[in-house]
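>>> Predicted model follows, preceded by the sequence.
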Amino acid sequence: MIKTVLKLPSARIALVMLAFIAFITVFGPLLAPYDPLENTAQNLAAPSAAHWFGTDYLGRDVLSRILAGAPLSVASTVLVAGIALVVGAIPGILSVYATAVFEWISLRVVDTFIALPFLVFAVAMTALLGNGMVQAMIAVGLLVSPLFYRVARSATLSVARSQYVEAAVLAGATTGWIVRTHVWSKVLPPIAISLATTLGVGLVVISSLQFLGIGVQPPTPTWGGILASDLGYLPQQPYAPLFPTALILVTVLAFNLLADAIRDAAGESGRSLVGAKAAKANRARRLAASGYSLTPSKEHA
Amino acid sequence: MTASAAVSVRGIATGAIPRTGGGAGHRVRRVLLSIARPISIFVPVFFLGTFFTFLLGALSGRSPAALQLGDAATPEAVAALNQQFGLDRPFFVQYADWLGQLFRGSFGNSWANGVPVATLLGDRAVVSLSVAGLALVIGVIFGFLFGVLAAQFHTRWIDRAITTGTTVFSVLPPFVVGIALIAVFAVGLRWLPAVGFVPIQLGFWPWFSHLILPAVALSFDTVSDVARQLRTGLVSAYRENYVTGAQVRGLGPQRIFFGHVLRNGVGPALSVLGLKFPALLGGAVLIESIFGLSGYGTFAAQSAVTGDVPSVQAVLVISIVLVVVFNLIVNVAHNRLIPSASRGV
């Protein structure tokens, strides 16, 4: 399947963009030309050869702050998606095989998580539990986990009801063996799509929290925090928010492109997608009919 | 955002009830089920939501003593204050007591200054509800407008423009939209004020002009999601055989649209509207902070940072209640428009 994904041009573009973001995240703090916390007298300077993105209201170099803020913004997003994946997908698969009581309770918990006003709860949880980045990641990870639960559950349900699984059960296969052999490979593509989507959403939410000053302390540079400080100086520097915004949007766009590419390459459409021509037609059709961004779950709670 | 929306559309809007057959007894049972089903979904949501809210306060380990007495407090003073707020009792006793208070409409007293939380929330309600309400109205009107336009001009350039636009806008984070709107309309063109709130008593235009930008920024996500779902729903409804049948029988395009297509194609858009409501309330935190409004969102954020647990809990409970009520309304509207939905078909 990975080979099919890589055949799509959109996936290659997405991977190039993500490689760039990953490079910034890993090496950003080392590449920063100035100390991101160093105040200078040159405040609100326009972009120049010395300060490519200009300086902020305390005279700090914006490029250095963006580079230094990358790990806290991007790495925490990856961790958020990881937490959501573990917390959501495993109960989602288990809910099909475990007892009815577990199924009912987990479904109600997921319903509740979906109904909660997301950002209010993320802010409240993070700030009340100690106002740190770790708390923020756990809170956001928990709150986005229902997506994985539902996707994993509906994929598992469709496998569990298929005839070859029934045949395996009749042949005496254990539940663990069925999950490892049959369920896992069917559940992986939808989970990969959700993971890519969640990474995009997670960055927006993490940046939102940082924008509100939740989970980080003021001098620490983060993409959301840079945006928040730019907002106060819009009359002097109306272009300033463009730099962090562009990075956030590039990352979100790359993850969305990747999610679309995996969706195109997986399952039924993937099989028809051997030739490049078929791929092109498929993309065009999907763009034209892009109503649902995920196939609606077939399960009924 | 859309991914979670699309996946969970059915989860909230339609639970599964085995389809019942004909007969008078079955009919009564069916009506009862159609009432019981939403309740069976929303009552657990309410109780679990409030339980999480209370658990959050308990897990935070915050106490009124830390807020009011500072670091130099004597253990006796701390114990006295804890007793005054009833914090020395077992967890489930506190929870039952708190839940009982909620049903009597009381949110307890703020830990920061002892004032009832309800009074603290009173005037902020106007700000938040104005913004969220206007955003909802904009979302419904423009979402339906764009959705209908795109479906009517399916595969033509209008449709392509709307589809592309909504796809781009649904990806834009709300703070980016907010900052862009301020940069263009408040700082650049100077048409509208950038920050603040004016009560409606001081005149409609001052009130409205302060609300437009925050409400528009908040509604972007709703507009694009409603438009996309409505377009998909309408396009697939237009392909149904009964539409061809109506055309063959000579019904006018207007009658077909309102009587057949809109009624059958509006389901996904309504469900997504119910799902977007929590996002509207949640997005208010960000929007209020960008546009300098002192509403529920900023109140919750400030209270959470200082550790004023009852205030935070009050905001969370109010938002849960609003979400549950709004979803029930959506559910009723859904069932009235599409009677088959109430059978869980």
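Sure, I can see it.

>>> could you pull out the helices for the stretch 151-300 of chain B?
In the stretch 151-300 of chain B, the segments counted as helices under DSSP state H, counting those that start in this stretch are B:157-171, B:174-181, B:204-238, B:241-248, B:253-255, B:262-265, B:267-290, B:296-306.

>>> now do the stretch 1-150 of chain B
Remark: helices assigned in the stretch 1-150 of chain B by DSSP H, counting those that start in this stretch are B:2-13, B:24-60, B:64-68, B:75-84, B:91-103, B:117-152.

>>> Highest mean neighbour count out of those?
Greatest average neighbour count among the helices of the stretch 1-150 of chain B goes to helix B:2-13 (a mean of 24), per mean count of other CB atoms under 10 Å in any protein chain shown. No exception for glycine: its C-beta is placed from N, CA and C like everyone else's.

>>> With mean pLDDT and distance to chain A added, can I get the helices of the stretch 1-150 of chain B in CSV?
Shown next, in CSV, are those (pLDDT from 0 to 100; distance: least, CB to the nearest CB, whole Å):
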stretch, mean pLDDT, distance to chain A
helix B:2-13, 40, 4
helix B:24-60, 78, 4
helix B:64-68, 72, 12
helix B:75-84, 76, 18
helix B:91-103, 83, 16
helix B:117-152, 87, 10
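
>>> With just CA atoms, put stretch A:27-37 into PDB.
In PDB, the C-alpha atoms belonging to stretch A:27-37 read as follows (Å, rounded to 0.1, in the frame of the first residue of the first chain):
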ATOM      1  CA  PHE A  27      17.500  21.200  13.700                       C
ATOM      2  CA  GLY A  28      15.600  24.400  14.100                       C
ATOM      3  CA  PRO A  29      17.000  25.400  17.500                       C
ATOM      4  CA  LEU A  30      20.500  24.800  16.300                       C
ATOM      5  CA  LEU A  31      20.000  26.800  13.100                       C
ATOM      6  CA  ALA A  32      18.600  29.900  14.800                       C
ATOM      7  CA  PRO A  33      20.900  32.800  14.000                       C
ATOM      8  CA  TYR A  34      20.200  34.600  17.200                       C
ATOM      9  CA  ASP A  35      19.200  33.800  20.800                       C
ATOM     10  CA  PRO A  36      15.400  33.600  20.600                       C
ATOM     11  CA  LEU A  37      15.100  35.100  24.100                       C
END
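
>>> Name the residues that touch stretch A:132-146?
A:72, A:76, A:79-85, A:87-88, A:110, A:113-114, A:116, A:118, A:121-122, A:125-126, A:129, A:198, A:201-202, A:205-206, A:209, A:214-216, B:4, B:8 (CB atoms under 8 Å, 6 or more residues apart in numbering or on different chains).

>>> quick one: which of these sit in strands?
Among the contacts of stretch A:132-146, DSSP state E puts none in strands.

>>> Just these: which are in helices?
Residues of these located in helices (DSSP state H): A:76, A:79-85, A:87-88, A:110, A:113-114, A:118, A:121-122, A:125-126, A:198, A:201-202, A:205-206, A:209, B:4, B:8.

>>> Near the closest residue to A:A266 other than its chain neighbours, how many other residues are there?
Closest residue to A:A266 apart from its sequence neighbours, by CB to CB, 6 or more residues apart in numbering or on different chains: A:P189 at 3.6 Å. Neighbour count for A:P189, taken as other CB atoms under 10 Å in any protein chain shown: 19.

>>> Now name the helix or strand holding A:P189.
Using DSSP states H and E, A:P189 sits in helix A:184-211.

>>> Relative to the whole chain's centre, how far out is that helix?
Relative to the centre of its chain, helix A:184-211 is centred 3 Å away, using CA atoms, centre = their mean, to the nearest Å.

>>> and the angle from it to helix B:267-290?
30 degrees (axes from the mean of the first three to the mean of the last three CA atoms, to 10 degrees).

>>> Which SSE is immediately downstream of helix A:184-211?
helix A:223-231.

>>> quick one: the residue of the stretch 151-300 of chain B found nearest chain A from B:A314, how far?
Across the stretch 151-300 of chain B, the shortest distance to chain A (CB to the nearest CB) belongs to B:T232, at 2.8 Å. Per CB to CB, to the nearest Å, B:T232 is found 39 Å from B:A314.

>>> ok, the two, which is more surrounded?
B:A314 (26 against 21).

>>> okay, and for the stretch 1-150 of chain A, where does confidence drop off?
Across the stretch 1-150 of chain A, the ranges flagged by pLDDT under 70 are A:1.

>>> Now do the contacts for A:S162.
Residues near A:S162 by CB under 8 Å, 6+ apart: A:H182.
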